[in-house]
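Participant: Task: produce atomic coordinates for the following.
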Amino acid sequence: ENVILTHNHIESLPPGIGEVKELRKLMLSHNRIHTLTPNLKHLDRLEMIRIANNQLEALPEYLASLPRLAWIAASGNPF
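Facilitator: Residues are numbered from 1 along each chain as shown. Here you go, the predicted model:
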């Protein structure tokens, strides 16, 4: 399952996104996201997250513990 929300002026993610257990690709680039919801730590099947060009000041530590996450695109953020 893929979620593609690029270029949508999104400022935050709904907490329920962490309940989409089949999620493999999460594309969130070119939005206005300041923080990632802690519920993403439950996405054990997530393989790719694209969060480039947002307003993130740091990446959450839990991303490193996601077992299948192999690709993170995070350039263009203030950190």
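Participant: In the chain, mark out all the strands, start to finish.
Facilitator: In order along the chain, the chain carries the following strands (DSSP state E): 2-4, 25-27, 48-50, 71-73.
Participant: What score does the residue positioned nearest the centre of the chain have for pLDDT?
Facilitator: Nearest to the centroid of the C-alpha atoms of the chain, with distances taken as CA atoms, centre = their mean, sits Ile49, at 5.0 Å. In the prediction, the pLDDT value recorded for Ile49 is 98.
Participant: about what we covered before: distance to Ile33 added to the strands of the chain, as a markdown table?
Facilitator: No exception for glycine: its C-beta is placed from N, CA and C like everyone else's. A markdown table is the format used below for these (distance: least, CB to CB, whole Å):
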| stretch | distance to Ile33 |
| --- | --- |
| strand 2-4 | 13 |
| strand 25-27 | 11 |
| strand 48-50 | 11 |
| strand 71-73 | 13 |
